[in-house]
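Student: Sequence first, then the predicted structure:
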Amino acid sequence: MIGIEIFINRQKMISLIHKLVVGMITISAGSVYAGGEELEKGLSGKELVDTHCTRCHLAPEPTNLPREFWPIAVHYMSYYVGMQDVKFPELKIGPFPPEMIPADDYNHRYVAYDQRKDLMQFYWIFKSHMVTEPMMSEEEFRRIKDYFVENSLPSSDPRMELRNRKEPVLKGFTPIVPRLDLEPNSLVMATRVDTKRRRLYVGRSVIDDWYVGDEHLTDDLVALDLDSGERIGHTNLDSDPIEMSLTPTGVRLLTHGEFPIDHGNGLARVIDWEFEKGSEPKARMLVNGRHRFVTHSRYDLNNDGLEDMVTTGFGDGIWYDSGARLSIYWQTPEYEKIWKNAPAKIPSGPLQGALRETVLDELAGYIDSEIADINEDGKPDIVTLIAQGNQHVVVYLNEGNEKFSRHIVIKNPPSFGGNNITVKDYDGDGHLDIALVSGDNMGGNYIGNLIPSPRPRHGLRLFKNNGNLNFSEEYYYQMHGAIRTVSEDFDQDGDIDMAMIALFPLWNIEEPETFVYMENQGNWKFTTSTLPRDFFSVWCDIEAADVNGDQKLDIVLGLGNFPTLVPDDWLTRKIMKGRNGKAPSIVFLLNNN
């Protein structure tokens, strides 16, 4: 596999992609279509997909989506191949509600109504990538739709949806609702346990910035005493608290930023927070002005004895005009001195004099990363997950001297919905393997009158490291709407176990699957179990930490009460009987192994 240096001419790349996507002459093995005139017919639907869809991502397979959803999906993509005027009998297209359209909108928004059922869905198209001239004939475009519909499976097929699976009740852990000064029914995006200082940090979101016109509510960060449950401190935030890591004096927080983004004025930030009882929280801002941070990792990447930081910024778009960034922030020798006096807010960019930024890539969709020596050459590499069109695992090999080479090691179709990546040795052979969690399905999981679109490929996949950046899939656990996992030796038997949560489960069954524990049995085999019915909930965050000080890793679950992405009545459904419409914002699974 050939690696390319990451320091490339961005403008040349953007120009090349633009020509590929919007070029008006398409040449293929059996068809030429130029200037609106079809010169030759004969390509099958599959051949047309391989010709047109692969300009931007892997060719989808018909079984990637249910049969009922393919007309909607093909119509959505019509804007990117100049075929938006083609009408499908299954659909009616209407205008977007004006009160939900932001000012200076960079998207074309519309509502699709499924005329077969009383269902609808909101969609938006990136204007900068819309194609106004047709790239194929109308008959060819309909052939693409027919290919997907005729070769797909209905959602009722058990290969598309898991409706009745119920794992055995979890053993080896005791679930409890800790006594915390924390309101129920929250959307907990991030938690972090400080076992030394006996603290629990909880980041809560209200998602109000997703909906134009709503009364502004407040995201926040709460510091709690892990033993008494008392509140140590609290601060309001202007953006979702998406991820945290511990510092010697408190916690490092990433805020997600606004959506849709305001180019050049991002609210994605990195802030170090300190909380002391009876004092105002102290903030030191390290990075400001970015767009849609998701994760960060910290490690000395250039062997200078200083801790560097990698951030993933998803952006909002398709290619290189989305505000996305995969960046390294190199710590300078002056960092400690400057950090001590850092202000609560800094100009756009990194903290001047303390950090310097190298942008590895500006492609949209970086959603997770881990630092690990994946090729075992003694230097820390960066393993990343992209989840926008191109659903790839990309490894940045550390070549030394702060240079990295880029290698795509795993490719997935656009419906994959990647959310989370973990690098661990799962088979105990001494080599680092890759765990991929996929489950992004906002609004497609039987919520209200929104058009459902269950994704049969969602869940957990484990890829064995065969050396030379070659990985083979060895294990798959299907789980609709999976979002995150933790991987640790929970039962202390010498191998890596896992626990996984789902934020977007299928709500058309009485007890959606939202949690699974996977005990490693060796040889890529796992026994699976789930929570008792009394502790059913939907989860947004999961963490492995010793919460009770017994030297065993417990599991912390953060509630996923996500407005519009859970049913309005979920708190009063049969599965929640006896809870008076309340769900705890935090649950501990105490390790008894």
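Tutor: Right, received. Where do you want to start? Worth saying up front: this structure is predicted, and the values here are computed from it rather than measured.

Student: From now on I want contacts and neighbour counts done on CA atoms only, so please keep to that.
Tutor: OK.

Student: Look at stretch 508-518 and report the distance between its end residues.
Tutor: Separation of the first and last residues of stretch 508-518 by CA to CA, to the nearest Å is 25 Å.

Student: Name the residues of stretch 106-118 that come out as buried.
Tutor: For stretch 106-118, burial by neighbour count (16 or more other CA atoms under 10 Å) applies to 106-114.

Student: likewise stretch 304-320?
Tutor: 307-320.

Student: Can you give me the end-to-end span of that stretch?
Tutor: Start-to-end, stretch 304-320 (CA to CA) is 32 Å.

Student: I would like the residues contacting it, please.
Tutor: Outside stretch 304-320, the residues that touch it by CA atoms under 8 Å, 6 or more residues apart in numbering are 14, 126, 259-261, 290-301, 322-333, 362-369, 388-389.

Student: how does it look with 7 Å?
Tutor: With contacts defined as CA atoms under 7 Å, 6 or more residues apart in numbering, stretch 304-320 is touched by 14, 126, 261, 291-301, 322-331, 362-369, 388.

Student: again, but for stretch 482-493
Tutor: 419-420, 437-439, 458-459, 495-504, 542-544, 553, 593.

Student: Would you state the strands of the stretch 101-250 of the chain in chain order?
Tutor: Ranges of strands in the stretch 101-250 of the chain, per DSSP state E, counting those that start in this stretch, are 107-114, 119-126, 173-176, 187-194, 199-205, 219-225, 231-237, 241-247, 250-255.

Student: contact partners of the third one?
Tutor: In this case it means strand 173-176. 587-592.

Student: got the contact list for the spatially most central residue of the chain?
Tutor: Geometric centre of the chain, nearest residue: residue 419, 3.3 Å, by CA atoms, centre = their mean. Shown in contact with residue 419 (CA under 7 Å, 6+ apart): 367, 437-440, 483-484.

Student: try residue 188
Tutor: When contacts are counted by CA under 7 Å, 6+ apart, residue 188 touches 202-205, 540-541, 558-560, 585.

Student: Swap in 10 Å and give it another go.
Tutor: Contact analysis of residue 188 by CA atoms under 10 Å, 6 or more residues apart in numbering lists 202-206, 220-221, 240-242, 539-542, 557-562, 585-586.

Student: and the residue lying closest to residue 147 once chain neighbours are set aside, how many neighbours?
Tutor: Ranked by CA to CA, 6 or more residues apart in numbering and with sequence neighbours excluded, the top spatial neighbour of residue 147 is residue 45, at 5.1 Å. A count of neighbours around residue 45, defined by other CA atoms under 10 Å, yields 18.

Student: likewise residue 497?
Tutor: By the criterion of other CA under 10 Å, residue 497 has 21 neighbours.

Student: Low-confidence stretches in the stretch 151-300 of the chain?
Tutor: 208-217 (pLDDT under 70).

Student: Please look at residue 365 and residue 394 and confirm they touch.
Tutor: No - the criterion here is CA atoms under 10 Å, and residue 365 misses it with residue 394 at 11.7 Å.

Student: Please identify which of these two sits among more neighbours.
Tutor: Legend: neighbour count by other CA under 10 Å for residue 365 and residue 394, higher for residue 365 (29 against 19).

Student: show me what contacts that one?
Tutor: The contact partners of residue 365, by CA under 10 Å, 6+ apart, come to 292, 294, 312-319, 322, 324-326, 385-392, 418.

Student: can you give me the helices in this protein?
Tutor: 10-22, 45-52, 70-78, 138-150, 335-340 (DSSP state H).

Student: Show me what counts as buried in the last one.
Tutor: Right, helix 335-340. 335, 338-339.

Student: contacting residues around residue 90?
Tutor: 68, 71-72, 112-117.

Student: Residue 393 too?
Tutor: Contacts for residue 393 (CA under 10 Å, 6+ apart) come out as 366, 368-369, 383-387, 407-412, 418, 421, 434, 436.

Student: Restricted to strands, list those residues.
Tutor: Mapping these onto strands (DSSP state E) picks out 366, 368-369, 383-386, 407-412, 418, 421, 434, 436.

Student: Weed out the non-buried ones from these.
Tutor: Applying 16+ other CA under 10 Å to the ones in strands among the contacts of residue 393 flags 366, 368-369, 383-386, 407-410, 412, 418, 421, 434, 436 as buried.
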